[in-house]
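# Quick one, structure for this:
(4 chains)
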Protein chains: 2
Amino acid sequence: MGLTKSEIFTKEQNHIAAIAKAFAHPARVAILQQIFNSRTCICGDLVDEIGLAQATISQHLRELKNVGLLKGNIEGTSVCYCIDEDNWANAKDIISQFLDYESKNTTCC
Amino acid sequence: MGLTKSEIFTKEQNHIAAIAKAFAHPARVAILQQIFNSRTCICGDLVDEIGLAQATISQHLRELKNVGLLKGNIEGTSVCYCIDEDNWANAKDIISQFLDYESKNTTCC
DNA sequence: TAATTTAATCGTAATATTGCAATATATAAA
DNA sequence: TTTATATATTGCAATATTACGATTAAATTA
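Numbers count the residues shown, from 1 in each chain, chains lettered A, B, ... in the order given. Down below sits the predicted model:
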């Protein structure tokens, strides 16, 4: 047990869950906010700004990269992380559509 | 270790993460979709519709209730689960605002 | 080349999540 | 009251996540 039964859900359901999972930790929310609030890409600055160890930040960055929300470009010895605009827009559409359901059951409960 | 350091994040960051966490499992996505796609509230039907054990569905329902997205009304021996419209709208606003950042760094990466 | 800097990876410990069988609880029906 | 039905809770096993120190890898600088 302890293993999510992805097979029994639709691709869409798994996709929505995967995107939401990326936002489901405050450190990753903080990382994303830092990146899109500062005018330039943030790299190792994240470790200083957020109070977590370098290895932990790196781990969270990898997760954000894996779902496609971030992309990283090597710049000398450091790495520049940016929002992947296309994938971000796509994720936004998918989540928005999910949140934007039409309330049909007004007389319920 | 293994314990999220909530203290070092803002209330907003923790809130966004908590809402996203509710959507971060396909079973909970499926439950919510079932509820707002059917005209009436779904109760134990969820166990039949989704291929998970009754105890598992009940657990997911509790999590959705705990973040406030669902409310449950007892109707005889069964329970009618519905979207909490106010909290849902609030969650939608918070997530939408987060996703709707203005891209300032167009010349990046 | 050697030392420095920056980020990724590895290994590990602690905690959380997922899933289910079994059991408990609560209401309705017989 | 007894039985049936529906949901919640408990306890447990398996897996996942979070966090970090230590190490590795890669590029820059001295």
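
# CA only for contacts and neighbour counts going forward, please
Noted.

# and residue A:74, that's in a helix?
No: if the criterion is DSSP: H, G, I helix; E, B strand; the rest coil, then residue A:74 is strand and not within a helix.

# Which parts of chain A are strands?
For chain A, applying DSSP state E gives strands covering A:70-75, A:78-83.

# The last one packs against which elements?
Just to be clear, that refers to strand A:78-83. Packing contacts for strand A:78-83, counted by 3 or more CA pairs under 8 Å, 6 or more residues apart in numbering or on different chains; DSSP states H and E, involve helix A:26-37, strand A:70-75.

# Of those, which is nearest DNA strand C?
strand A:70-75 (6.7 Å; CA to the nearest atom of the strand).

# any idea which residue sits dead centre in chain A?
residue A:22 (3.6 Å; CA atoms, centre = their mean).

# Now that that one has come up, it's in contact with residue A:28, right?
Yes: counting by CA atoms under 8 Å, residue A:22 does reach residue A:28; the two are 7.0 Å apart.

# Now for these two: what residues contact both?
residue A:64 (CA atoms under 8 Å, 6 or more residues apart in numbering or on different chains).

# Name all residues that make contact with residue A:70.
Counted by CA under 8 Å, 6+ apart, residue A:70 has contacts A:61, A:64, A:81, A:82, A:83, A:84.

# Please tell me the pLDDT value assigned to it.
At residue A:70, the model reports a pLDDT of 95.

# Tell me how many other residues crowd the closest residue in space to residue A:9 that isn't next to it in sequence.
Of all residues beyond its chain neighbours, the one nearest residue A:9 is residue B:26 (6.5 Å), with distances taken as CA to CA, 6 or more residues apart in numbering or on different chains. Look at residue B:26: counted by other CA atoms under 10 Å in any protein chain shown, it has 24 neighbours.

# Mind picking the one among the contacts of residue A:70 that's closest to residue A:16?
Nearest to residue A:16 out of the contacts of residue A:70 is residue A:64 (CA to CA; 14.5 Å).

# I'd assumed residue A:22 was in contact with that closest one.
Yes: under the criterion of CA under 8 Å, residue A:64 makes contact with residue A:22 at 6.2 Å.

# Please enumerate residues in contact with the longest helix that chain A contains?
Criterion DSSP state H: the longest helix present in chain A is helix A:85-99. Residues from elsewhere that reach helix A:85-99, judged by CA under 8 Å, 6+ apart: A:16, A:19, A:20, A:68, A:69, B:92, B:96, B:99, B:100.

# ok, so what distance separates the fourth one from DNA strand D?
In other words, residue A:68. For residue A:68, the distance to DNA strand D equals 15 Å [CA to the nearest atom of the strand, to the nearest Å].
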